[in-house]
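Peer 1: below are the sequence and a predicted model for it; my questions follow.
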Amino acid sequence: MEKVRVRFAPSPTGPLHLGGVRTALYDYLFAKNQGGEFVLRIEDTDTARYVEGAEDYIEEALEWCGIIPDESPKKGGKFAPYRQSERRNIYDKYTEQILKTDYAYIAFDTAEELDTIRAEYEAKGDVFSYDNKTRNRLRNSLSLSEEEVQKLLDEKTPYVVRFKMPVDRTLGLVDIIRGNSAVNTDVLDDKVLVKNDGMPTYHFANIIDDHEMEISHVIRGEEWLPSLGLHILLYEAMGWEAPQFAHLSLILKPEGKGKLSKRDGDKFGFPVFPLNFTDPATGNISKGYRESGYLPEAFINMVALLGWSPADDKEILTLEEMTKEFDLNKVHKAGARFSKEKSEWFNHQYIQKTSDEDLMNILKNSDLNLNIEDEKLLKIIHLMKERATFPKDIYENGKFFFEAPTSYDEKASKKAWNDETSSLLTEFAENLNSLNDFISENIKQNLHDFAESKGLGMGKVMMPLRLALVGELKGPDVPDILELIGKEESIARISNAVNNFK
Ligand code: GLU
């Protein structure tokens with residue numbers, strides 16, 4: 001069997017969005033599942049749409065996700081260069097080759113001429129298409145005499161190379177995910193293959209590179225499905241064997257209708273990009289999953305399941321597990337609805353799987369500027385991670401470990417504090433003060449004995465105590481809070497509350 005080689009071929013026209021990450025991930029998973037290679041190729045032939053920094057962004061995003069290419073512009077490889085803008089001389093020879101066949105011709109129509117024709121069609125309520133029905137009336141090497149063509153060439157008239165779409169041929173299209181379909185060439189137009197500056201367009205460069213780089217499987221977004229007929233014919237024209245194709249369905253908006261767009265992130269309040277991206281033109285920052293507190297493992301797990309279900313419907317899978325189980329035949333034909341709640345659920349699950357030490361490193365490297373000993377921070381993490389969706393939640397929900405409450409929740413105060421509470425807690429604080437080994441277990445016993453001696457249920461003491469320590473009726477077990485805050489600070493907080501409710 002031929003070696004499986006799969007490429008991810010983004011154009012550096014902006015940051016990679018969720019759909020792009022999923023394509024890259026499926027490319028990678030399929031390649032690795034088959035023991036093959038995963039290639040990153042940058043398709044930068046469209047200079048008008050080039051965005052500064054986009055290529056670096058793509059590479060950094062893939063690295064953060066753990067989707068590491070075997071060959072890429074930075075890494076190099078057997079088929080370098082991997083940036084299309086650096087492959088011009090390779091394309092030139094294939095331009096010559098296709099022009100010798102009956103599948104291509106040169107066309108001299110200027111942009112203005114084509115605009116005029118387009119407008120004429122529109123005025124009649126028609127749509128102009130440069131195709132097998134119109135090409136003979138336009139200015140190209142099929143309609144003009146050999147002498148006329150030569151004259152234009154001698155005068156250095158700019159021209160493009162167009163594909164000569166055959167007349168009335170039915171093409172069979174095979175897609176691993178979608179099965180078989182057919183298209184008649186009469187609905188396809190004569191696409192430009194080489195622009196007037198000599199650079200190939202996406203279609204031509206793409207098939208040349210896939211051939212040259214020995215790509216066996218093209219797995220890409222469904223927006224490229226309408227181009228499949230042309231691509232199949234380009235392979236035929238060049239006399240090359242075509243790779244196998246798989247087109248991935250869309251990622252849909254949370255409501256289930258319409259494609260998830262780059263602007264939906266701001267609209268629905270979730271990131272649609274893996275990393276923050278600063279638009280070089282406007283300075284606008286689009287939010288990324290990384291900066292929003294997602295763990296890369298949770299992120300790719302979530303992305304992988306947008307359109308693919310592993311055999312036993314397992315939901316939590318590492319990259320290695322996904323690689324083992326990935327099967328293109330199990331990729332869904334229908335669009336996958338994005339869910340913010342589900343992506344948060346994944347992150348929550350992965351926070352639970354992350355060790356306290358690793359979470360500590362994440363928190364210490366964040367912008368929180370935590371000023372606390374490691375040992376204490378580890379204990380806080382241990383107590384708080386169960387309720388955390390993002391690493392920062394550990395701090396946000398456990399702020400009282402770092403600073404004393406400055407106010408007391410009104411509703412909670414009404415519920416927890418009455419006339420007797422102040423003297424009750426003052427007495428309990430004295431109890432705490434005499435406790436030698438200030439650990440949760442001892443505190444719990446003490447609390448229990450104290451409540452019993454007062455003929456009260458534990459809750460009656462615990463509730464105001466929690467209010468004094470936390471400022472509201474939230475948080476983990478009170479004895480755990482007391483131990484972590486420490487004897488001195490705990491007593492100070494009780495006394496603060498007593499003064500406040502005087
Ligand atoms: N450069 C194209 C894109 O950015 C690649 C499409 C393909 O994979 O063939 O979508």
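Peer 2: Alright, I've got the coordinates. Numbers count the residues shown, from 1 in each chain.
Peer 1: next helix or strand past the lowest-mean-pLDDT helix or strand in the chain?
Peer 2: Ranking every helix and strand in the chain by mean pLDDT, DSSP states H and E puts helix 264-268 at the bottom, with a mean of 82. Scanning forward in sequence from helix 264-268 by DSSP states H and E, the next helix or strand is strand 277-278.
Peer 1: partners of that following strand in the sheet?
Peer 2: Partners of strand 277-278 in the sheet, by DSSP bridges, are strand 285-286 (antiparallel).
Peer 1: so which residues make contact with the strand it pairs with?
Peer 2: Identification of contacts with strand 285-286 by Cβ atoms under 8 Å, 6 or more residues apart in numbering yields Pro15, Lys262, Gly265, Asp266, Pro271, Val272, Phe273, Asn276, Phe277, Thr278, Asp279. (Glycine included, C-beta is placed from N, CA and C.)
Peer 1: of the residues you listed, just the buried ones, ChimeraX syntax please.
Peer 2: The ChimeraX selection below is limited to those of these classed as buried (16 or more other Cβ atoms under 10 Å):
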select :15,265,271,272,273,276,277
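Peer 1: any idea which of the contacts of strand 285-286 is closest to the ligand?
Peer 2: Pro15 (12.5 Å; Cβ to the nearest ligand atom).
Peer 1: pLDDT wise, what is the nearest residue to that closest one once chain neighbours are set aside at?
Peer 2: Leaving aside its sequence neighbours, Pro15 sits nearest to Phe277 (Cβ to Cβ, 6 or more residues apart in numbering; 3.7 Å). Phe277 is assigned 94 on the pLDDT scale.
Peer 1: what number of residues are in the vicinity of the residue in the stretch 201-350 of the chain that the ligand sits nearest to?
Peer 2: Nearest to the ligand, among the residues of the stretch 201-350 of the chain, is Arg220, at 3.4 Å (Cβ to the nearest ligand atom). Using other Cβ atoms under 10 Å as the criterion, Arg220 is surrounded by 23 other residues.
Peer 1: and it, that's in a helix?
Peer 2: No - assessed with DSSP: H, G, I helix; E, B strand; the rest coil, Arg220 is strand; it does not lie in a helix.
Peer 1: who does it form a beta bridge with?
Peer 2: With DSSP bridges as the rule, Arg220 is bridged to His247.
Peer 1: strands along the stretch 1-150 of the chain, start to end?
Peer 2: 5-8, 37-40, 104-107 (DSSP state E, counting those that start in this stretch).
Peer 1: out of these, deepest packed?
Peer 2: strand 5-8 (a mean of 26; mean count of other Cβ atoms under 10 Å).
Peer 1: from the chain's centroid, how far away is that one?
Peer 2: 18 Å (Cα atoms, centre = their mean, to the nearest Å).
Peer 1: please export the alpha-carbon coordinates of the longest helix belonging to the chain; PDB is fine.
Peer 2: For the chain, the helix that runs over the most residues, judged by DSSP state H, is helix 18-33. Listed next in PDB are the C-alpha coordinates belonging to helix 18-33 (Å, rounded to 0.1, in the frame of the first residue of the first chain):
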ATOM      1  CA  LEU A  18     -12.300  26.400  15.000                       C
ATOM      2  CA  GLY A  19     -13.200  24.800  11.600                       C
ATOM      3  CA  GLY A  20      -9.500  25.100  10.500                       C
ATOM      4  CA  VAL A  21      -8.300  23.500  13.700                       C
ATOM      5  CA  ARG A  22     -10.700  20.600  13.200                       C
ATOM      6  CA  THR A  23      -9.500  20.100   9.700                       C
ATOM      7  CA  ALA A  24      -5.900  20.100  10.900                       C
ATOM      8  CA  LEU A  25      -6.800  17.700  13.700                       C
ATOM      9  CA  TYR A  26      -8.600  15.200  11.400                       C
ATOM     10  CA  ASP A  27      -5.700  15.500   8.900                       C
ATOM     11  CA  TYR A  28      -3.300  14.700  11.700                       C
ATOM     12  CA  LEU A  29      -5.400  11.900  13.300                       C
ATOM     13  CA  PHE A  30      -6.000  10.200  10.000                       C
ATOM     14  CA  ALA A  31      -2.300  10.400   9.000                       C
ATOM     15  CA  LYS A  32      -1.100   9.100  12.400                       C
ATOM     16  CA  ASN A  33      -3.800   6.400  12.600                       C
END
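Peer 1: who does that helix touch, helix- and strand-wise?
Peer 2: Here helix 18-33 touches strand 5-8, strand 37-40, helix 54-65, strand 217-221, strand 244-248, strand 251-252, helix 296-304, helix 319-325, going by 3 or more Cβ pairs under 8 Å, 6 or more residues apart in numbering; DSSP states H and E.
Peer 1: can it be found next to the ligand?
Peer 2: No - using Cβ under 6 Å from any ligand atom, helix 18-33 never reaches the ligand; the gap is at least 7.3 Å.
Peer 1: now that helix: mean pLDDT?
Peer 2: Helix 18-33 comes out at a mean pLDDT of 98.
Peer 1: what about that helix, distance to the chain center?
Peer 2: With Cα atoms, centre = their mean as the basis, the mean position of helix 18-33 lies at 11 Å from the chain mean.
Peer 1: and stretch 377-394, by the same measure?
Peer 2: 25 Å.
Peer 1: and what of stretch 422-435?
Peer 2: Distance, centroid of stretch 422-435 to centroid of chain: 54 Å (Cα atoms, centre = their mean).
Peer 1: so which bits of the chain are right by the ligand?
Peer 2: Ala9, Pro10, Ser11, Glu43, Tyr202, Asn206, Arg220, Trp224.
Peer 1: where's Ala246 relative to Arg22, distance?
Peer 2: 13 Å (Cβ to Cβ, to the nearest Å).
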